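> Would you be able to build a 3D model of this:
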Amino acid sequence: MSNSLTCDVVVVGAGMVGAATALYAARAGLSAVLVDRGPVAGGTTGAGEGNLLVSDKEPGPELELALLSARLWADLAAEPGMGESGVGESFEYETKGGLVVASASEGLAALEELAAAQRPAGVRTESVGPDQLHDLEPYLAHGLAGGVLYPQDAQVMPTLAAARLVRLARTAGASLRTGRTVTDVLRTASGAVRGVRTSHGDIHAPAVVNAAGTWGGELAALAGVSLPVLPRRGFVLVTEPLPRRVRHKVYAADYVADVASDSAALQTSPVVEGTAAGPVLIGASRERVGFDRSFSLPVTRELAAGATRLFPFLAQVRAMRAYLGFRPYMPDHLPAVGPDARVPGLFHACGHEGAGIGLATGTGHLIAQVLAGRTSDLDLAPFRPDRFPDRFPDPVPEEFRS
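Numbers count the residues shown, from 1 in each chain. Purely as a prediction, here's the structure:
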């Protein structure tokens, strides 16, 4: 066992949310240690598409968090990087916008209604008629009813972005400890947090942040509390590199409904986006099957079929690979962000489902503000970790464990 470390805060989980939390905590003047049982971005972050979205958020707390996060992502991307380029170039930050399309007039009316509700919160939207769709996306299928353009939607390459945020955090004074499994949350006789026990020794701190993503329920249990985080599996198809033919993130109107669904059954809705490196990413599927990593040919076939309905040219394009990840699902579709009133010194920053990459900067910023004793920019009450009744004595049922 190595000697114990002493710091102001231990952040558990080196995915995007943990990396952002360590960064903003360090920049707030706190000594932070970021710890993970695996590598940086080794979990949900590394299996994501890198979406920074406001388009799929209904008015309310999550949309407010998404808008704050979008501003912070833009600020980070604009920071000086190597040479004359900004930091954003190092992780393929693209403000390409999102285009949500409807195949029928009923779906288009629902899109317009959502856009009208989002605008008062600060979301910029542009209605797109059927005759304008091909000005934005020349290869899009014909016969669609129209859509809504969201200029604020953006994208990053997630593993590069997480690595960059960790590097910025270390430059600001944070430490990184990978390959260290947290086996216990240390507490005083009065129940307050005093650090974590890892496979390589204890790390002492008066604050611990649970940024363990899909495994957030297991970490919460180590501190003696319940947090109902469950894995929601999703697949992504990756095509061969192509000239840029898909200019925006393009998805069908039913994607928003799938995101908000409580169903454990398989749901797919076409999502297609190009990348700076050339491949096209194709999603999206959702199903609660625990941590089952089995490849599903029927799911990937559905993804391919949906993508070719939106962009017929993809029928002639080869898929290089498919990968899967597990989104950290919460019953009310809001993450747990902020202090846990049940355990002094315990903070949570998990349960973002498929929006963790986009919401990471805002989450980390808000957690750092509270850690530093400042008033948070957003009201954290809707994200309270203890908002759920204790009907989950085992926060992660056995069949859902890794």
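
> What is the neighbour count of the closest residue to Gly195 other than its chain neighbours?
Leaving aside its chain neighbours, Gly195 sits nearest to His204 (4.0 Å; criterion: C-beta to C-beta, 6 or more residues apart in numbering). Heads up, the C-betas are built off the backbone N, CA and C, glycines and all. By the measure other C-beta atoms under 10 Å, the count of residues near His204 is 15.

> again with Ala355
Neighbours around Ala355, by other C-beta under 10 Å: 23.

> mind listing what it touches?
By C-beta atoms under 8 Å, 6 or more residues apart in numbering, the contact set of Ala355 is Asn51, Leu53, Asp56, Lys57, Glu62, Ala66, Pro335.

> wait, which of those is closest to Asp254?
Asp56 (11.2 Å; C-beta to C-beta).

> and the next element down the chain from the lowest-mean-pLDDT helix or strand in the chain?
Least confident helix or strand, the chain: helix 254-260 with a mean of 60, by mean pLDDT, DSSP states H and E. On the C-terminal side of helix 254-260, the closest following helix or strand by DSSP states H and E is strand 267-274.

> Just name whatever secondary elements the next helix or strand after that next one is in contact with.
Per DSSP H and E, the first helix or strand lying C-terminal to strand 267-274 is strand 280-286. The elements that strand 280-286 packs onto, with contact taken as 3 or more C-beta pairs under 8 Å, 6 or more residues apart in numbering; DSSP states H and E, are strand 230-239, helix 254-260, strand 267-274, helix 297-310.

> ok, now with 7 Å
strand 230-239, strand 267-274, helix 297-310 (3 or more C-beta pairs under 7 Å, 6 or more residues apart in numbering; DSSP states H and E).

> Looking at the shortest one now, give me its mean pLDDT.
Put plainly, it is strand 267-274. For strand 267-274, mean pLDDT is 89.

> can you check the last one too?
Confidence over helix 297-310 (mean pLDDT, whole number) is 94.

> on contacts alone, who are the packing partners of it?
Using 3+ C-beta pairs under 7 Å, 6+ apart, helix 297-310 is in contact with strand 230-239, strand 267-274, strand 280-286.

> Quick check: what element follows that helix along the chain?
Taking DSSP H and E as the definition, the helix or strand right after helix 297-310 is strand 319-329.

> Can you give me the buried ones in that following strand?
Across strand 319-329, burial judged by 16 or more other C-beta atoms under 10 Å covers Ala319, Ala322, Leu324, Gly325, Phe326, Arg327, Pro328, Tyr329.

> Ok, stretch 89-98 next?
Buried, per 16+ other C-beta under 10 Å, within stretch 89-98: Ser90, Phe91, Glu92, Tyr93, Glu94, Lys96, Gly97, Gly98.

> Could you list the domains of the protein?
According to automatic domain parsing, the chain is divided into the following domains: 5-50+159-227+332-400, 127-143+230-329.

> which residues of this protein score low on pLDDT?
1-5, 82-84, 255-264, 390-402 (pLDDT under 70).

> quick one, longest helix in it?
Looking across the chain with DSSP state H, the single longest helix is helix 61-78.

> Now, of the contacts of Ala355, which are buried?
Here, 16+ other C-beta under 10 Å leaves Asn51, Leu53, Asp56, Lys57, Glu62, Ala66, Pro335 buried among those.

> ok now do the residue nearest to the fourth one when sequence neighbours are not counted, which residues does it touch?
This points to Lys57. In this structure, Lys57 finds its nearest non-sequential neighbour in Leu63, 3.9 Å apart by C-beta to C-beta, 6+ apart. For Leu63, the contact set (C-beta atoms under 7 Å, 6 or more residues apart in numbering) comprises Val54, Lys57, Gln118, Ala121.

> Which single one of those residues is nearest to Arg233?
The closest of the contacts of Leu63, once distances to Arg233 are taken by C-beta to C-beta, is Lys57, at 21.9 Å.

> sec struct for the closest one, please.
With DSSP: H, G, I helix; E, B strand; the rest coil as the basis, Lys57 sits in coil.

> Would you agree it is in contact with Ala66?
Yes: applying C-beta atoms under 7 Å as the test, Lys57 and Ala66 come out as touching, 5.0 Å apart.

> Can you report how many residues lie near Leu219?
Residues near Leu219, counting by other C-beta under 10 Å: 27.

> is it true that it lies in a strand?
No: looking at Leu219 with three-state DSSP, it is helix, so not inside a strand.

> Relative to Pro385, how far out is it?
12 Å (C-beta to C-beta, to the nearest Å).

> was I right about Ala19 contacting Ala162?
Yes: contact status for Ala19 versus Ala162: in contact at 4.9 Å, counting by C-beta under 7 Å.

> Those two: which is more packed in?
Neighbours were tallied for Ala19 and for Ala162 using other C-beta under 10 Å; the higher tally belongs to Ala19 (32 against 29).

> Give me the distance between the more buried one and Lys96.
23 Å.
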